[in-house]
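Participant: Here's my sequence, what's the structure:
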Amino acid sequence: MNNVKNVFSIKDLENLSGIKAHTIRIWEKRYNVLEPMRSDTNIRSYDIKNLQKLLNIVLLHNYGYKISKIGTLNQEQINKLANDIISEKSAKTHAISTFKMAMMNFDQSLFFNTYNELLSEKSFREVFYTVFIPLMQEIGFLWQTETISPAHEHFISYLIKQKLLINTEKVQILEPTKTDSVFVLFLPLNEVHELGLMYLNYEILLKGYQTIYLGESIPTESLLDLKNSYENITFVSYLTVEPNQEEIDSYIVDMQAKLLENTNHKVLLLGRMTQFITSKTLPNNVHIYNSIEELSNTL
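Facilitator: Predicted structure coming up:
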């Protein structure tokens, strides 16, 4: 079965552009800015060109252009204006929209060109915080609403991981400057969403620490060999979907018993599932953070 999505409903356009479906219909009816296809039952659908045009229209509109003015422009003029107005103020929004178009079209060249433009003005750290993190949050929403397929999500995630690995290697080859703790990064059993953990590895290395990156789906028992190998270990894990809500407290208790008891080790946790941890069960050497930035600022 082909999971690649090339035709979009008006609800998909709303999810991808941030403009309400009702407003899109008004723009379409009054100003002819989009050209939908219609089914035999008169249901609208839109191709990838309509999506791209709408994203550029939203950029122009956010920059102060009236929709009545935009409606008088042809596609080439809209594209030129969108390119002309890209500035520091709108670079983030434009980059996220462009990365979404690269994802929808499976266009590696567009991804690389956009990334390189950003990197010419910002550090990789700035690009990740200001563009990639918001982008992945949007992509998570688009996946949940079935606006995009797993193929789209995997395509863009792989390209971001590729950039992460390149930048991580640059700091990984440097000698650690801080030796008070070794960081061990892992995801719980059956957890596979590792992009956030990969970036944390980069941040921790950047701070001068030694890291041991284990990656996805690691049983707690597999960490026992490391437990006795270092005097001060900081275990770091990112809980996106695992452990589930019913199991997360017992997971913390098990981790405390197997990894932390009678040691100087500690655990740092972040991710969506941490909201379900009961504070009464939280040991003193287990800490929860609301974001990558918050954790990074404590290092």
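Participant: Point me to the helix or strand that includes Ser237.
Facilitator: Here Ser237 sits within strand 233-238, counting by DSSP states H and E.
Participant: can you list the weak-confidence ranges in this protein?
Facilitator: Across the chain, the ranges flagged by pLDDT under 70 are 1-5, 85-91, 144, 279, 281.
Participant: Now do the strands in this protein.
Facilitator: 37-38, 44-45, 182-186, 210-215, 233-238, 266-270, 286-289 (DSSP state E).
Participant: Which strands or helices does the third one pack on?
Facilitator: Yep, that's strand 182-186 we're talking about. When contacts are defined as 3 or more CB pairs under 8 Å, 6 or more residues apart in numbering; DSSP states H and E, strand 182-186 sits against helix 195-206, strand 210-215, strand 233-238. Using the backbone N, CA and C atoms, a C-beta is placed for each residue, glycine as well.
Participant: Can you add distance to Gln75 and mean neighbour count and give the ones you listed back as CSV?
Facilitator: As requested, the helices and strands packed on strand 182-186 are exported to CSV (distance: least, CB to CB, whole Å; neighbours: other CB atoms under 10 Å):
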stretch, distance to Gln75, mean neighbour count
helix 195-206, 34, 21
strand 210-215, 44, 17
strand 233-238, 42, 24
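Participant: Reformat these into TSV and put distance to Val182 next to each item.
Facilitator: As requested, these are exported to TSV (distance: least, CB to CB, whole Å):
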stretch	distance to Val182
helix 195-206	10
strand 210-215	5
strand 233-238	6
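Participant: the helices in this protein, which residues?
Facilitator: Ranges of helices in the chain, per DSSP state H, are 10-17, 21-31, 48-62, 67-70, 75-84, 91-105, 108-119, 124-127, 133-144, 150-172, 195-206, 224-227, 248-255, 292-297.
Participant: can you give me the offset of the third one from its chain's centre?
Facilitator: Offset of helix 48-62 from its chain centre (CA atoms, centre = their mean, to the nearest Å): 22 Å.
Participant: can you list the domains in the chain?
Facilitator: Here the domain parsing of the chain from the TED database is 1-88, 90-173, 175-298.
Participant: Name all residues that make contact with Pro283.
Facilitator: Residues near Pro283 by CB atoms under 8 Å, 6 or more residues apart in numbering: Ile252, Gln256, Leu260.
Participant: Which of those residues ranks first by neighbour count?
Facilitator: Within the contacts of Pro283, most neighbours by other CB atoms under 10 Å means Ile252, with 22 neighbours.
Participant: State the distance from that one to Thr234.
Facilitator: Between Ile252 and Thr234 the distance is 16 Å, computed by CB to CB, to the nearest Å.
Participant: and the closest residue to Ile19 other than its chain neighbours, what is it in contact with?
Facilitator: Closest residue to Ile19 apart from its sequence neighbours, by CB to CB, 6 or more residues apart in numbering: Val58 at 5.9 Å. Applying CB under 8 Å, 6+ apart, we find Val58 in contact with Ser17, Gly18, Ile19, Ser97.
Participant: what sits against the third one?
Facilitator: Shown here is Ile19, whose contacts under the criterion CB under 8 Å, 6+ apart are Leu13, Trp27, Leu54, Val58.
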